[in-house]
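coords please:
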Amino acid sequence: KQKRRVLLQEMLWYHIAAGVNLHADLPSDVVPSLSTSFSSNSIPFANISVTATDLLALNGVVHSVDTVLAPPEFSCYNSVVDIVVRSRSHTTLEALVGVSGLSDAFRGAPQLTLFAPTDTAIASLPAAMQTKLASGGQWVPLLQEVLK
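Now for the predicted structure:
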């Protein structure tokens, strides 16, 4: 029980940065966290939406975000597929992985690096190619090859 409490405290510290950082002053990539227990003490902003900004308090400022921030070693994701599923900018890739039948293979792979094309990148493909890939059927082997 104490171990879980300490972990929870560290996760909460990971959500806090020193000083008053107004939204307009935040960098677009990372902000140093007050957490000292993780190998990375930077709060990444990739794929995170700030839903309310500059909520001023007597001792600081609050920005509401749409996700729980987690350092790399606190893996709340079990696989690369889980990351794709949680991403708002990879919904087309998620659908293609499902159509291809590779979800289980990606989840079970011991180590891999996925260069995940965003919805915008996939939308830039010719319409005929998008339709063929999304339709499955005879195109599943091609889709599987593309996604491997």
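
quick one: the residue lying farthest from the centre of the chain from Val20, how far?
The centre of the chain is farthest from one residue, Leu58, which by Cα atoms, centre = their mean lies 32.0 Å away. For Leu58, the distance to Val20 equals 11 Å [Cβ to Cβ, to the nearest Å]. Placement of C-beta: from N, CA and C, glycine included.

ditto for Ser87
30 Å.

do Pro141 as well
Using Cβ to Cβ, Pro141 is found at 55 Å from Val20.

okay, these two: which has more neighbours?
Val20 (12 against 9; other Cβ atoms under 10 Å).

now do the same for the more buried one: helix, strand or coil?
Following DSSP: H, G, I helix; E, B strand; the rest coil, the label given to Val20 is coil.

residues in contact with the closest residue to it other than its chain neighbours?
Setting aside the residues directly before and after it, Val20 is nearest to Val61 in space (Cβ to Cβ, 6 or more residues apart in numbering), at 5.2 Å. For Val61, the contact set (Cβ atoms under 8 Å, 6 or more residues apart in numbering) comprises Val20, Asn21, Leu22, Asp54, Leu55.

kindly export the lengthiest helix in the chain (C-alpha atoms) in PDB.
Longest helix in the chain, counting residues (DSSP state H): helix 2-14. Extracted C-alpha coordinates of helix 2-14, given in PDB (Å, rounded to 0.1, in the frame of the first residue of the first chain):
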ATOM      1  CA  GLN A   2       2.800   2.400   0.800                       C
ATOM      2  CA  LYS A   3       4.600   1.600  -2.500                       C
ATOM      3  CA  ARG A   4       1.400   2.500  -4.400                       C
ATOM      4  CA  ARG A   5       1.100   5.700  -2.500                       C
ATOM      5  CA  VAL A   6       4.700   6.700  -3.300                       C
ATOM      6  CA  LEU A   7       4.100   5.900  -7.000                       C
ATOM      7  CA  LEU A   8       0.900   8.000  -7.000                       C
ATOM      8  CA  GLN A   9       2.800  10.900  -5.400                       C
ATOM      9  CA  GLU A  10       5.500  10.700  -8.000                       C
ATOM     10  CA  MET A  11       3.000  10.600 -10.800                       C
ATOM     11  CA  LEU A  12       1.300  13.700  -9.400                       C
ATOM     12  CA  TRP A  13       4.700  15.500  -9.000                       C
ATOM     13  CA  TYR A  14       5.300  14.600 -12.700                       C
END
